[in-house]
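> Return a 3D structure for these sequence lines:
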Amino acid sequence: MKIRHAFLPVLALALAGASGAASAQDRHGPGWGHPGPRGGPAFDGRYHHDHDYPVRGFVSIGLPAGAISVGYGGGSYYYHGGVWWRPWGGRYVVVAPPPGIFLPVLPADCVTLWIGGAPYYYANGVYYSQVVGQGYQVVAPPPGADVAQPVAAPAPPPPAPDPVIYPRNGQDAARTEADRRDCNRWATTQPNAMADAHVFQRAVEACMDGRGYTVR
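Residues are numbered from 1 along each chain as shown. Have a look, this model is predicted:
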């Protein structure tokens, strides 16, 4: 079984939050807060995607570095490496994203499907459709998804490495992380940021620079 490099920091956070997950299970019933069979990740083999992800419902003490904040429906979601999270009691729980929410770029290694004459993209149980000028929207499984086959298509570009942030004014780690999340959230509101990853990253860097950080 292959484990994605992007999943490793998520797994570390998930394991660190295991005790919180166990107590969550007591409140929500069997299966809540478990990373998968025998404590391992959940394997997604649909359409030969063949990747591992933390199971939905798992509770973690924190988010992986570089998680993107996306506002939707009056609340906040966080995305990293094909995984969606929501705040939960001072921690973060892995969730299914709501149809309608947007990402600026596709998940790495997603599968391309051609269904009903239109392209769709699949990763971690989620289907995405491109909306010109806005990015990639989470959609419900389209009719025909059950019998669809992956098609040969150019793979999306590999994700850029997480930027390194240098505090210029002695900000501590907690302040830096809070500022980074605020800047991620603000960047999603800028023109074309949800359709172009480079625009999104430039907006984040400009925001962080204005708060006293150097981003490289």
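> which stretches of this structure aren't confidently modelled?
Counting by pLDDT under 70, the chain contains low-confidence ranges at 1-40, 152-162, 193-195.
> Tell me where it has strands.
42-44, 51-53, 59-60, 68-72, 75-80, 83-88, 91-95, 102-103, 111-115, 118-123, 126-131, 135-139, 165-167, 213-215 (DSSP state E).
> Burial-wise, tell me which of those comes out on top.
Most buried of the strands of the chain by mean neighbour count (mean count of other C-beta atoms under 10 Å) is strand 59-60; its value is a mean of 27. The way it works is simple: take the backbone N, C-alpha and C, and place the C-beta from them, glycine included.
> Verify the contact between residue 81 and residue 110 for me.
No. Here residue 81 does not reach residue 110: they are 11.5 Å apart, not a contact under C-beta atoms under 8 Å.
> residue boundaries of the helices in the protein?
7-16, 18-28, 173-187, 197-210 (DSSP state H).
> center of this structure - which residue?
residue 79 (2.3 Å; C-alpha atoms, centre = their mean).
> Just list whatever residues bridge to it.
Beta-bridge partners for residue 79, by DSSP bridges, are residue 68, residue 84.
> Please report the distance of it from residue 146.
Distance from residue 79 to residue 146, counting by C-beta to C-beta, to the nearest Å: 26 Å.
> And for residue 54?
Relative to residue 146, and taking C-beta to C-beta, residue 54 is found at 25 Å.
> ok, those two, which is more surrounded?
More neighbours surround residue 54 than the other of residue 54 and residue 146, with 27 against 7 (other C-beta atoms under 10 Å).
> For residue 85, see how far away that one is.
Going from residue 54 to residue 85 by C-beta to C-beta gives 9 Å.
> got it, and residue 213?
Relative to residue 85, and taking C-beta to C-beta, residue 213 is found at 23 Å.
> how many neighbours does the nearest residue to residue 203 once chain neighbours are set aside have?
Excluding the flanking residues, the one nearest residue 203 by C-beta to C-beta, 6 or more residues apart in numbering is residue 187, at 3.8 Å. The tally of other residues near residue 187 (other C-beta under 10 Å) stands at 23.
> How about the one 5 residues further on?
Taking other C-beta under 10 Å as the criterion, the count of residues near residue 192 is 14.
> that older thread, contacts only, for the residue nearest to the centre of the chain.
Residue 79 makes contacts with 67-68, 70, 85, 97, 103, as judged by C-beta atoms under 8 Å, 6 or more residues apart in numbering.
> Let me see the contact set for the residue of the chain most remote from its centre.
Residue farthest from the centre of the chain, counting by C-alpha atoms, centre = their mean, is residue 169 at 29.8 Å. Counting by C-beta under 8 Å, 6+ apart, residue 169 touches residue 212.
> for it, phi and psi?
Backbone geometry at residue 169, expressed as degrees, to the nearest 10, gives phi -120, psi 20.
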